[in-house]
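Visitor: Model the structure of this input:
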Amino acid sequence: MNNVVIMALVATLGTWFVTALGSGVVVFFKNPNQKILNIMLGFAAGVMIAASFWSLLQPAIERAEAYLKTPAYLVVSIGFLCGAVFMWASDKAVTYTRCKLCSDNITASERMNRIILLVLSITLHNIPEGLAIGVAFGALHIEGYTMEALMGAITIAVGIGLQNFPEGAAVSLPLRREGFSRKKSFLIGQASGIVEPIAGVIGAVMVVYIETVLPFALSFAAGAMILVAVHELIPECQQNQDVNPYIATMGIVAGFTVMMFLDVALG
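Guide: Residues are numbered from 1 along each chain as shown. Predicted coordinates for the structure are as follows:
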């Protein structure tokens with residue numbers, strides 16, 4: 001049990017480190033290469049979409065069919081919807097916070113309000129991503145340390161780590177443009193990813209101690225990842241595509257293909 005929790009912690013510390021790397025670009029410049037960021041976001045979206053099925057939904061269905069009396073399609077469907085609703089509720093919470101800040105006429109400036117909302121939004125999105133990694137590694141305790149399961153967990157962590165790089169930059173760079181120092185912009189940007197190791201450990205422990213929750217937890221993580229990919233990453237990577245309109249799209253295709261190849265080849 002301790003092994004999978006430690007592995008989940010190490011993996012999510014790695015994704016937090018990638019967030020810090022993304023935040024670190026603020027040390028060198030205020031505006032990164034938009035094409036590179038679009039490709040990375042697109043690639044991460046493709047990886048997350050593919051991982052949602054082959055590394056999360058498919059094992060969830062197999063596990064539910066083998067060990068649960070409740071129909072597998074029902075467990076997985078409910079878990080998937082709950083994951084998506086969780087992310088939707090997170091976005092709603094951010095919107096509510098923004099309205100509250102505006103309506104109460106708090107002394108903080110409108111610029112500071114936008115910064116707070118940006119950090120909150122990225123931080124909320126990191127919670128289900130950390131849970132997804134934790135659940136994937138926690139599943140190793142139940143399913144066994146097979147190469148297929150291990151690589152599935154690792155590739156989920158890699159995919160989430162890739163999209164954490166532009167997320168870190170998305171926090172630190174606007175802070176820098178608003179007049180914050182490089183150091184403060186970096187510290188706030190990397191702090192947005194600190195919830196991932198916490199959520200990762202919680203996800204792994206939950207699966208280890210409550211084995212029957214694994215199918216639901218896997219499908220929950222899949223629902224959250226799909227919503228993040230479709231609602232956040234894909235629209236974002238399609239911004240500013242006047243010169244090369246398909247560059248981000250090919251990043252999505254490449255990410256999906258790489259993830260699908262790894263899962264199927266190792267399966």
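Visitor: Can you tell me the closest non-neighbouring residue to residue 56?
Guide: Leaving out its chain neighbours, the residue that sits closest to residue 56 by C-beta to C-beta, 6 or more residues apart in numbering is residue 222, at 3.9 Å. Heads up, the C-betas are built off the backbone N, CA and C, glycines and all.
Visitor: any idea which helix or strand carries that neighbour?
Guide: helix 214-227 (DSSP states H and E).
Visitor: following that helix, which helix or strand comes up?
Guide: helix 234-237.
Visitor: what is the mean pLDDT for that next one?
Guide: On average, the pLDDT along helix 234-237 is 80.
Visitor: Which pLDDT value does the model give residue 110?
Guide: Looking at residue 110, its pLDDT is 55.
Visitor: Wait, residue 234 touches residue 45, no?
Guide: Yes. Between residue 234 and residue 45 a contact is recorded at 5.1 Å, counting by C-beta atoms under 8 Å.
Visitor: any shared contact partners between the two?
Guide: Shared contacts of residue 234 and residue 45 (C-beta atoms under 8 Å, 6 or more residues apart in numbering): residue 252.
Visitor: what about the strands in the protein?
Guide: Taking DSSP state E, the chain contains no strands at all.
Visitor: For residue 251, give me its contacts.
Guide: Taking C-beta under 8 Å, 6+ apart as the test, what residue 251 contacts is 38, 39, 40, 41, 42, 43, 45, 46, 237.
Visitor: same for the helix holding residue 222, what does it pack against?
Guide: Applying 3 or more C-beta pairs under 8 Å, 6 or more residues apart in numbering; DSSP states H and E, one finds that helix 214-227 contacts helix 34-51, helix 58-67, helix 72-103, helix 110-143, helix 195-209.
Visitor: Mind giving me the packing neighbours of the second one?
Guide: What that stands for is helix 58-67. For helix 58-67, the packing partners by 3+ C-beta pairs under 8 Å, 6+ apart come out as helix 72-103, helix 110-143, helix 214-227.
Visitor: what's the least confident stretch among those helices?
Guide: Note on these: helix 110-143 shows the lowest mean pLDDT, a mean of 72.
Visitor: pretty sure residue 197 contacts residue 16?
Guide: Yes. Assessed by C-beta under 8 Å, residue 197 is found in contact with residue 16 at 5.8 Å.
Visitor: Neighbour count for the two, which is higher?
Guide: Neighbours were counted for residue 197 and for residue 16 using other C-beta atoms under 10 Å; residue 16 has more, 25 against 22.
Visitor: Nothing else from me, thank you.
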